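1. sequence and predicted structure, then a few things I'm wondering about:
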Number of protein chains: 2
Amino acid sequence: MKTTRKTPLKLTDTKAKLCTFDYRMELLHALPFFRNLSHKEMHNVNKVFSDTKYDLGDIIYREGERSTRLCVVASGSVKLIKQNLDGKEILTDILKQGEFFGNIDPSGETFYVETAIAQVSSCIMKINSEQFRNILEKYPTASLKVLDIMSKRLNESQERIKQLSANTVENRIAYTILKLGEKLGIKNELGLLIQIPLTRYDIAGMTGTTPETASRIISKFKDLGLIKTGRKWTVITNISELEKKI
Amino acid sequence: MKTTRKTPLKLTDTKAKLCTFDYRMELLHALPFFRNLSHKEMHNVNKVFSDTKYDLGDIIYREGERSTRLCVVASGSVKLIKQNLDGKEILTDILKQGEFFGNIDPSGETFYVETAIAQVSSCIMKINSEQFRNILEKYPTASLKVLDIMSKRLNESQERIKQLSANTVENRIAYTILKLGEKLGIKNELGLLIQIPLTRYDIAGMTGTTPETASRIISKFKDLGLIKTGRKWTVITNISELEKKI
DNA sequence: GTTCTAAAATGATATAGATTAGTTTATTAC
DNA sequence: GTAATAAACTAATCTATATCATTTTAGAAC
């Protein structure tokens, strides 16, 4: 018995929003690390950011390239991946509007440690890491916010290690879908809609398994009525039951 | 065919050094984030640190406890572990002299996300996170250093995810031993000596496997002449060949 | 030295999930 | 609308490693 797969949802416009001056100001000011800055200070910060548009699948930077930029997702979403020697890739993070990625500190690593790819059409704001460093030195509370975010990311990363070490693939996939729901989900009539193109390769890359196994388990979850999926969307239809699978 | 296991090494004194005022000053000043401070500034910083001695196996804090402290290893070594619901534990890090752990930012997580255990007799310096935050606000370059360390830890953590996702247990154990050698190893006549008590449980917790499998693979490495081990020590006798096992 | 004990090692068996191979379906291009 | 194609799905087999059970050993206590 299958759940129907022909459940297209009206997809929202995938074109990246234009990064107008006002939009950028608003967005930068909404970033946790710039929240306390005055309008004038924000104006100065805004000046040192540039922005670029990327289409779905475009590579923003590659692992191993000399790193000179800190990036902020102005619109769209970005996935970060690391590649293994044998070509297998792991997906380390999916970033949405307002999140930063790239190189924070010019005194540290000078090469990007992962590849960043636009997951949908996206607008990315960029700042030279040296200039970002200057801002952080000038506004110490901003540094502390960045530090806070880094701690949280480290903790999430360790949670993933814990899961890889001790949980089954089924547990991990349930957890990953729920986390994505929390982060990117929008409530609608069917449940919690995650509107990003999420291939079985992506799921496999996030959970340390193969696309085949990911597919099998997702089919199982669909049969159990926990989720519904299409090529570019996933809906969690029964959160509480899916949580029991962790 | 076995390599002889009766190879006791003269163990160095395991008693924790006393944390005299001068020793603390020296140590704090050597920390990357305080390196640029003046003697007078260091004096102020030193005042807000307290210190405590722990014996082998003592718990410094437990996962889930309210977190109010940032800790620095003054002497000895500390292991950080996270526990799974089913009791299986993963070892997230081993920290040596000069490394920090605990809670950095009081505005963030308010509970410890891991358990810290003294791996040998150790002296730990502690500071209230609020006070540490004040220091970081006062000395922006210190924040950037902390940020740098956090980035590095995040990257190491992601490297581990990559390995758990794509490599065999053998690969991971080889990698882990080499990393420990890099971090804690002391060159001696036999090779690179790692002088910490490292049980098969620890190795299993670091590599996401079981103690039995860890034991089997370590035996294999011993038979191949890559390492020698005792209860409280490990020597890498052939680094280049061990590297080929990654 | 001898005895004791927790850790380590080893052996036998079971299984989750990888691998290989093929079929079906959703979406894009026409 | 139909055709083309890449992703998703499914099935059968294989293997690395977990699990369960037992023996051996290093180092401590005497």
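-> In hand now; what should we look at?
2. got any ranges where chain A has weak pLDDT?
-> Scanning chain A with the threshold set as pLDDT under 70 gives A:1-18, A:106-109.
3. which helix runs longest in it?
-> Secondary structure of chain A per DSSP state H: the longest helix is helix A:140-166.
4. near DNA strand C, anything from that helix?
-> No. Judged by Cβ under 7 Å from any atom of the strand, helix A:140-166 stays clear of DNA strand C, getting no closer than 9.7 Å. (Glycine included, C-beta is placed from N, CA and C.)
5. before we move on, what about stretch A:44-62?
-> No. In terms of Cβ under 7 Å from any atom of the strand, no part of stretch A:44-62 sits within range of DNA strand C; the closest distance is 9.6 Å.
6. so which strand or helix has residue A:116?
-> Using DSSP states H and E, residue A:116 sits in strand A:115-118.
7. show me what that strand is packed up against.
-> For strand A:115-118, the elements it packs on are strand A:59-61, strand A:77-83, judged by 3 or more Cβ pairs under 8 Å, 6 or more residues apart in numbering or on different chains; DSSP states H and E.
8. got the domain boundaries for chain A?
-> A:21-162, A:167-243 (automatic domain parsing).
9. to residue B:37, which of those lies closest?
-> Closest of these to residue B:37 is domain A:21-162, at 14.8 Å (criterion: Cβ to Cβ).
10. returning to that earlier point: I'd like the helices and strands packed on strand A:115-118 as JSON lines, with mean neighbour count and distance to chain B appended.
-> Below are the helices and strands packed on strand A:115-118 laid out as JSON lines (neighbours: other Cβ atoms under 10 Å in any protein chain shown; distance: least, Cβ to the nearest Cβ, whole Å):
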{"stretch": "strand A:59-61", "mean neighbour count": "18", "distance to chain B": "15"}
{"stretch": "strand A:77-83", "mean neighbour count": "21", "distance to chain B": "6"}
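11. which among those is found nearest to residue B:77?
-> strand A:77-83 (28.9 Å).
12. now the angle from that closest one to helix B:140-166?
-> Strand A:77-83 runs at 70 degrees relative to helix B:140-166, counting by axes from the mean of the first three to the mean of the last three Cα atoms, to 10 degrees.
13. that older thread, how about TSV for the helices and strands packed on strand A:115-118, with distance to residue B:175 added?
-> TSV is the format used below for those (distance: least, Cβ to Cβ, whole Å):
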stretch	distance to residue B:175
strand A:59-61	26
strand A:77-83	15
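14. is chain B contacted by the longest helix of chain A?
-> Yes. Counting by Cβ under 8 Å from any Cβ of the partner chain, chain B has neighbours in helix A:140-166: A:140-141, A:143-144, A:146-148, A:150-155, A:157-158, A:160-162, A:164-166.
15. ok, of the residues you listed, which come out buried?
-> For the residues of helix A:140-166 next to chain B, a burial check counting by 16 or more other Cβ atoms under 10 Å in any protein chain shown picks out A:140-141, A:143-144, A:146-148, A:150-151, A:153-155, A:157-158, A:160-162, A:164-166.
16. how about the helices in chain A?
-> A:21-30, A:39-47, A:129-138, A:140-166, A:169-184, A:200-207, A:211-223, A:239-243.
17. of all the ones you listed, which lies closest to residue B:45?
-> helix A:140-166 (15.6 Å).
18. so the closest one versus helix A:129-138, what angle?
-> Using the same axes, to 10 degrees: helix A:140-166 against helix A:129-138 is 110 degrees.
19. what's helix A:140-166 packed up against?
-> In terms of contacts (3+ Cβ pairs under 8 Å, 6+ apart), helix A:140-166 is packed against helix A:129-138, helix A:169-184, strand B:89-95, helix B:129-138, helix B:140-166.
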